[in-house]
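Enquirer: Got a sequence here, can you model it:
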Amino acid sequence: MIDKGTRQAERSTWTAIAGAALPLYLTMIAASAGALVDTALLGNHATAALAAFAVTIAVFSPATATVAGALRGVMPFVTPCKEDPDRLLPVVRSGMWLAVTVGGIAAAAVMSVPLIGQVAGVPDATLDELGIFPYLLAGSVLVIAVSSSATSVLVALGHSKLVMRAGLLGTAASVTLSVLLVGGPGPLPSYGLTGAGIAMLVSSVISACVNQATLRRSTVLAGRSMYPGRPDVQQVWKLGTVGLPLAGTVLVKFAVLGVLTFAAARIGTDSAAVHSVGISLVNLIFTAAVAVGQATIPLVSDYAEKRDSASTRRSVRAGTWLALAVVGFVATAVIVLSPWVVPLFTGDADVRPQITDLLPLVLAVVVTDALQAVVGFGLIGLKRTVPSFVSTFVCYGILAAVAAPIAAAGGLVALWTALALANFLQAVGKAISFHRHSTFIETANTHQPSRRAGTEQRGAQSSKPIR
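Expert: Just a heads-up that it's a prediction; the model follows:
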């Protein structure tokens, strides 16, 4: 039986994770809603502008996700020194250098959208519509990197509500400027894609400024200079060894999902549309798991620093059950409300029933994705991110290799079943790695006295006179 103290500890862990995750989740939902506003306004402005927007976002989205993934690696380094500003400040400054480095690379990729489009065979009419939009979004990527460096520190310090404030202010600015610059209400001119780019850049700048100001005024670092100064290469590399495998994991996932999209498109136009709606739903619901996972990292990192294996594992268990409960509830609600939800995505009477039939598999995919994600965030707390990358690379690599024949043989049902299976196998691999590394923590703590005792015993024996 579970004793009263254990039950109280579990409730406390659930409460701590839920309290930190909710503001992050609301921030992500607001950002997703803001992106939908841009899409709707550009669609009403001009089809060519919407196509150019989609081409750029196809590079911008993985670029920003990669940046965010890399900077989550800063979090487990923040938690152990959250009450010591002298130790924390060098970590924050090195995190800023990591943000500038990774953000610069990602920004260069976004600036290359016209070239990427030419290589990929995007029509000239679409590429001609781009204008300065890729450059505006490249600037946005760099600003997002700076903002993410502050966000990771704030979340690790337990200030999720302050992160939400910055995110909501940025989203509000984005929606307002998009309506004014893209929609062009009344006598105002419409600047189309350029207006959308300006709105996204200004939104990123506002969020970054608020996050950085919050870090300077509302944390243990209040009154201290955040100027990064000369980079401590060794410290930046130390952060990178945790963050860069996360960036690689994100890139692998985006790349393989792209392969699945092409596999679905080869089946037919309807299948491509159904697959696109399914992926959109998964991404929207999955944000809950990301929020819960981020909220779990500080707890895991704190307990890992104390070499408390039981509490470390309890944190991940609580985060996993919370994420599964939320995404399972939302996905089930989508299935139950499908007669009202599905028409929001398409007016095609032939496609609607196909989307409805796919929804149970959407539930399976998002639940298994949440399962692997939270365990992966637990590994971040242990500063062990290479196992996550290896697990994703192997499972999704195999999925990419077999996607086309599976889709050809079994259609979308087979393709999405394979995706759910790949997520589940990822979860198993990451769970094994997490258990092994958290057992190491427990073993080190448990056997340390015995090693000391053995050393003392050997010292006593060596001090005896030789006969």
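Enquirer: What mean pLDDT does stretch 52-68 get?
Expert: Taken as a whole, stretch 52-68 has an average pLDDT of 88.
Enquirer: swap in stretch 263-270?
Expert: For stretch 263-270, the mean pLDDT works out to 83.
Enquirer: In CSV, could you pull the C-alpha coordinates for that stretch?
Expert: Extracted C-alpha coordinates of stretch 263-270, given in CSV (Å, rounded to 0.1, in the frame of the first residue of the first chain):
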residue,chain,number,x,y,z
ALA,A,263,3.8,9.5,-48.9
ALA,A,264,0.2,10.5,-48.3
ALA,A,265,0.2,12.8,-51.3
ARG,A,266,1.2,9.9,-53.5
ILE,A,267,-2.0,8.1,-52.5
GLY,A,268,-4.2,10.9,-53.9
THR,A,269,-5.3,14.5,-53.4
ASP,A,270,-8.0,13.6,-50.9
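Enquirer: Show me which residues of it are buried.
Expert: 263-264, 267, 270 (16 or more other C-beta atoms under 10 Å). C-betas here are computed from N, CA, C, even on glycine.
Enquirer: starting at the chain centroid, how far to that stretch?
Expert: Distance of stretch 263-270 from the chain centroid (C-alpha atoms, centre = their mean, to the nearest Å) equals 28 Å.
Enquirer: try stretch 360-373
Expert: 15 Å.
Enquirer: from memory residue 267 sits against residue 410, does it?
Expert: No: judged on C-beta atoms under 8 Å, residue 267 makes no contact with residue 410 at a distance of 9.9 Å.
Enquirer: just to revisit the earlier point, tell me which of the buried residues of stretch 263-270 is nearest to residue 376?
Expert: Taking C-beta to C-beta as the measure, residue 376 lies nearest residue 263 of these, at 24.7 Å.
Enquirer: And that closest one, which helix or strand is it part of?
Expert: Secondary structure from DSSP states H and E places residue 263 in helix 233-267.
Enquirer: Residue 89 now?
Expert: Taking DSSP H and E as the definition, residue 89 sits inside helix 85-111.
Enquirer: packing partners for that helix?
Expert: Here helix 85-111 touches helix 47-72, helix 75-78, helix 133-156, helix 233-267, going by 3 or more C-beta pairs under 8 Å, 6 or more residues apart in numbering; DSSP states H and E.
Enquirer: Quick one, which of these gets closest to residue 123.
Expert: Evaluated over these, closeness to residue 123 peaks at helix 47-72, with 8.1 Å, by C-beta to C-beta.
Enquirer: how far does that closest one sit from the chain's center?
Expert: 14 Å.
Enquirer: Could you do stretch 168-175 as well?
Expert: With C-alpha atoms, centre = their mean, you get 20 Å for stretch 168-175.
Enquirer: Now do it: everything it contacts.
Expert: For stretch 168-175, contacts defined as C-beta atoms under 8 Å, 6 or more residues apart in numbering pick out 26-27, 30-31, 33-34, 37-38, 199-200, 202-204, 206-207, 210.
Enquirer: do stretch 226-244 as well
Expert: For stretch 226-244, contacts defined as C-beta under 8 Å, 6+ apart pick out 69-74, 76-77, 90-98, 100-102, 212, 215-216, 380, 383, 385.
Enquirer: one more time with 6 Å, if that's ok
Expert: 70, 73-74, 93-94, 96-98, 216, 383, 385 (C-beta atoms under 6 Å, 6 or more residues apart in numbering).
Enquirer: Can I get it as CSV, trimmed to CA atoms?
Expert: Coordinates of each C-alpha in stretch 226-244 appear next as CSV, following Å, rounded to 0.1, in the frame of the first residue of the first chain:
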residue,chain,number,x,y,z
MET,A,226,22.9,40.5,-18.6
TYR,A,227,25.4,41.7,-21.1
PRO,A,228,26.9,38.4,-22.4
GLY,A,229,30.5,39.8,-22.7
ARG,A,230,33.1,37.5,-24.1
PRO,A,231,31.9,34.0,-24.6
ASP,A,232,33.0,31.3,-22.2
VAL,A,233,33.5,28.7,-25.0
GLN,A,234,33.8,25.8,-22.5
GLN,A,235,30.5,26.7,-20.8
VAL,A,236,28.7,27.4,-24.1
TRP,A,237,29.8,23.9,-25.3
LYS,A,238,28.7,22.3,-22.1
LEU,A,239,25.2,23.8,-22.6
GLY,A,240,25.3,22.8,-26.2
THR,A,241,26.1,19.1,-25.4
VAL,A,242,22.6,19.0,-23.9
GLY,A,243,20.8,21.4,-26.2
LEU,A,244,22.1,20.4,-29.6
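Enquirer: buried residues in that stretch?
Expert: Buried positions in stretch 226-244, judged by neighbour count with 16+ other C-beta under 10 Å: 226, 228, 231-232, 235-236, 238-240, 242-244.
Enquirer: got a pLDDT number for the residue nearest to residue 96 when sequence neighbours are not counted?
Expert: With C-beta to C-beta, 6 or more residues apart in numbering as the criterion, residue 96 has its nearest non-adjacent residue at 4.4 Å, and that residue is residue 228. Residue 228 is assigned a predicted lDDT (pLDDT) of 83.
Enquirer: next one: residue 138
Expert: Looking at residue 138, the pLDDT reads 96.
Enquirer: show me the residues around it that make contact.
Expert: 107, 110-111.
Enquirer: Just the closest of the residues you listed to residue 277, please.
Expert: The closest of the contacts of residue 138 to residue 277 turns out to be residue 110 (C-beta to C-beta; 25.8 Å).
Enquirer: wait, isn't the closest one in contact with residue 139?
Expert: No: using C-beta atoms under 6 Å, residue 110 makes no contact with residue 139, being 9.0 Å away.
Enquirer: Just want to know which of these two has more residues nearby.
Expert: Neighbours per residue (other C-beta atoms under 10 Å) separate residue 110 from residue 139, with residue 110 holding more: 25 against 19.
Enquirer: Flag whichever of the buried residues of stretch 226-244 scores worst on pLDDT.
Expert: Note: of those, the lowest pLDDT belongs to residue 226, at 79.
Enquirer: May I have the secondary structure class of that one?
Expert: Recorded secondary structure, residue 226: coil (DSSP: H, G, I helix; E, B strand; the rest coil).
Enquirer: Kindly report the same for residue 187.
Expert: At residue 187, secondary structure determined by three-state DSSP is coil.
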